[in-house]
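Novice: Fold the stuff below for me.
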Amino acid sequence: MNRAFLAGAMLATLAAAVATQPSARAHVVADPALAQPGSYFRTALRVPHGCDGRPTTALRVTIPDGVVSVTPQAKPGWQVAVAMRKLDRPVDAGHGRMTDMVPGEVSWTGGSLPGNLFDEFGLVLKLPATPGAQLWLPVVQGCDGGEARWEQIPAAGQSAHDLPRPAALIRIADSSGKPAMHQHGAQPSATMPAAKAGDIAIEAPFARATPARVGGVFLTLKNGGKAADILVRAASPVAEHVELHEHVKDGEAMRMRPVDGGIPVPAGGITALQPGGYHVMLIGLKQPLKEGSHFPLTLTFQKAGAVTLDIPVMKAGAMPDDHSGHSGHKH
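Specialist: Residues are numbered from 1 along each chain as shown. This is a model prediction of the structure:
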């Protein structure tokens, strides 16, 4: 059996395993999710799938208290609207301006996102200058003939990971620049770098548990420098072959294929390696990846050089937000 045939069979096995994972944990999240107090914060609501296979036709997000302005992203084929609400008393809207009208809801309607694809709906929000605050954004995902309501907010001492349909979350850093912890059972932020190679910070690395001979590694690359870089190679002793892969649309289907020329990391930008996009493929695992275990992975960049990471293995079907507040923007 040649390597090409073996790799193809392994990829088919992995794709089938991913397709059968329950989607309840793949909820709508804000990405990135860690902001500075009082900032104009650019984030996006990531819609990972439709409603039981039905296409997404609308998205409505409730804007939390303390946000005084919002600018939604225009999307071709979608109509976007901002519904305002009146406050009992004026608040500081920035730049010396007071207002008693603030955004209450943003909606995108009229489009159609196939149920097997994901997309992002961008927002720029003026956030409150409250270090350590957590802002919950309830989201209603309208689909053909139904809807999914991502509106649950954890009670004190409860974790969002215990909720089947949690609201999206934005964390505001505390005075040390770190996110708030121990509020509503929040986990430590995954936006703290796990490692650095030159100007490249590697954040939130993880792999999914799998009994198969193939696996995937996901992480975020943040380039703090003024020059673009490229992730050209990955290696690990746990697999016979390690390759950089991406998901591409082939007709109506999404397929995985090796990346030609490496994965770009733009100057001053962020590239996310995540399910449904770029990722590191482990081919020919020497033993199953078990939840709670760790293994080394070495990444080599064209300019920043090589760095070795310790990769934690999470549960099968885990998503970046399950790793706690994953931050990143797909390149």
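Novice: Just to check, H49 is in contact with N116?
Specialist: Yes: H49 is within contact range of N116, at 7.0 Å (criterion: C-beta atoms under 8 Å). (Glycine included, C-beta is placed from N, CA and C.)
Novice: Of these two, which one has the most company?
Specialist: H49 (22 against 15; other C-beta atoms under 10 Å).
Novice: doesn't the more buried one fall inside a helix?
Specialist: No: in this structure, H49 is coil, not part of a helix, as judged by DSSP: H, G, I helix; E, B strand; the rest coil.
Novice: Walk me through the domains of this protein.
Specialist: 3-21+192-323, 33-172 (automatic domain parsing).
Novice: closest one to H27 among these?
Specialist: Smallest distance to H27 across the domains of the chain (C-beta to C-beta): 5.4 Å, for domain 33-172.
Novice: And for E246, the neighbour number?
Specialist: So E246, with other C-beta under 10 Å, has 17 neighbours.
Novice: cool, and M256?
Specialist: M256: 18 neighbours (other C-beta under 10 Å).
Novice: do the same with H294
Specialist: For H294, the number of neighbouring residues by other C-beta under 10 Å comes to 11.
Novice: Just grab the bridge partners of F295 for me.
Specialist: I311 (DSSP bridges).
Novice: quick one: pLDDT of it?
Specialist: For F295, the pLDDT comes out at 88.
Novice: ok, now R60?
Specialist: According to the model, R60 scores 97 on pLDDT.
Novice: surely it meets E105?
Specialist: Yes: look at R60 against E105 with C-beta under 8 Å: they come within range, at 6.0 Å.
Novice: would a markdown table of the domains of the chain with distance to H27 be doable?
Specialist: Converted to a markdown table, these look like this (distance: least, C-beta to C-beta, whole Å):
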| stretch | distance to H27 |
| --- | --- |
| domain 3-21+192-323 | 7 |
| domain 33-172 | 5 |
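Novice: Out of these, which gets the lowest mean score?
Specialist: Of all the domains of the chain, domain 3-21+192-323 carries the lowest average pLDDT, namely a mean of 82.
Novice: Strands of the stretch 201-331 of the chain, residue ranges please.
Specialist: Along the stretch 201-331 of the chain, counting by DSSP state E, counting those that start in this stretch, strands occupy 214-223, 229-235, 239-250, 253-258, 263-265, 270-273, 279-285, 294-301, 305-314.
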